[in-house]
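Undergrad: Pasting the sequence and the predicted coordinates here, then a few questions.
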Amino acid sequence: METMMTLASSVIGGSVQTASAALLGRDGQSVVAPALGTEALFFYRMDSAEDVRRREVSAARLDKLPPLETLLTLPVGLPVPLASLDQRERRAVRALPAGAADCNRKVVTRWAVRPLQIDLAVVRASGWRQGLKRAGRFAPFCRRAMLLDRRPVRLEESLAEADFYGIGVFVPSGDGVEMVLESRTYRPQRHTAAAWAFVEELYQRVR
């Protein structure tokens, strides 16, 4: 497992948050967590209503792909007649983890939604190529950036390549860090079970 122990520093986290204030909501929180073979500083916003709902119903963990795939086929809060589903789909909804949906003999009603939104994932790297590789792992899931240990000699060349991939760049500046390239806004082409599972894994670490 790659490590970035200095990224866990509240000073580093606070500096990144200050430098990227325009990208992050005021109600955002942050955490350093391992993911996809590296560590990243995640800025996220909790869906407080969903978090409270799950606690009140003692909801089970929801981080496996099959249940999430099933939930994505159901509307939120609207009863779906079981008679409208085929046999495989009926088995799938009846096997959903506790708290994800209500299911009786006639209808199934989905309640579960994503419990938080990831605004930005920042990886730390000694060089920009390493940063591109590490940050690139999060492309399917959220906005991405790298925090370099030092300013590249050929900064403009490095920024051009990072910009091509939509990856933001932070570099040391005095006692803090400076955002020299803004990351591209994350716009998923579709909602996938894999992206939802990624959010659920982070939720387990911060709830």
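TA: Sure, I can see it.

Undergrad: tally of neighbours for H191?
TA: Number of residues near H191 (other CB atoms under 10 Å) recorded here: 10. For the C-beta atoms, the positions are set from N, CA and C on the backbone; glycine is no exception.

Undergrad: And what about it, helix, strand or coil?
TA: With DSSP: H, G, I helix; E, B strand; the rest coil as the basis, H191 sits in coil.

Undergrad: Surely it touches T73?
TA: No. Counting by CB atoms under 8 Å, H191 does not reach T73; the two are 11.2 Å apart.

Undergrad: For stretch 176-188, the averaged confidence score.
TA: Mean pLDDT, stretch 176-188: 90.

Undergrad: meant to ask about stretch 117-133
TA: Stretch 117-133 shows a mean pLDDT of 93.

Undergrad: Quick one: end-to-end distance for that stretch.
TA: End-to-end distance for stretch 117-133: 23 Å, by CA to CA, to the nearest Å.

Undergrad: Which of the residues in it are classified as buried?
TA: By neighbour count with 16 or more other CB atoms under 10 Å, stretch 117-133 contains the buried residues 118-125, 128, 130-132.

Undergrad: export the residues you listed to TSV and tack on distance to L155?
TA: TSV is the format used below for these (distance: CB to CB, whole Å):
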residue	distance to L155
I118	28
D119	25
L120	21
A121	22
V122	18
V123	18
R124	18
A125	15
W128	9
Q130	16
G131	13
L132	14
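
Undergrad: quick one: which of these is nearest to G28?
TA: D119 (5.8 Å; CB to CB).

Undergrad: Spatially, which residue comes closest to the closest one, not counting chain neighbours?
TA: Once flanking residues are discounted, D119 sits nearest to F43: 4.6 Å by CB to CB, 6 or more residues apart in numbering.

Undergrad: my guess is that neighbour is in a strand, correct?
TA: Yes. Looking at F43 with three-state DSSP, it is inside a strand.

Undergrad: Share the number of residues neighbouring it, please.
TA: The number of residues packed near F43 is 25, by other CB under 10 Å.

Undergrad: wait, it sits on V32?
TA: No. Counting by CB under 8 Å, F43 sits too far from V32 to count as a contact (10.9 Å).

Undergrad: contact partners of stretch 147-160?
TA: 7, 12, 16, 41, 122-128, 131, 169-172, 177, 180-181 (CB atoms under 8 Å, 6 or more residues apart in numbering).

Undergrad: The same query, at a cut-off of 7 Å, please.
TA: For stretch 147-160, contacts defined as CB atoms under 7 Å, 6 or more residues apart in numbering pick out 16, 122, 124-126, 128, 131, 169-172, 177, 180-181.

Undergrad: can you check stretch 62-80 too?
TA: So stretch 62-80 is contacted by 92-93, 96-97, 100-101, 107-113, 191, 193-194, 196-197, 200-201, 204 (CB under 7 Å, 6+ apart).

Undergrad: start to end distance for it?
TA: With CA to CA as the measure, stretch 62-80 spans 21 Å from end to end.

Undergrad: what separates it from the chain centre, distance-wise?
TA: Remark: stretch 62-80 is offset 18 Å from the chain centroid, using CA atoms, centre = their mean, to the nearest Å.
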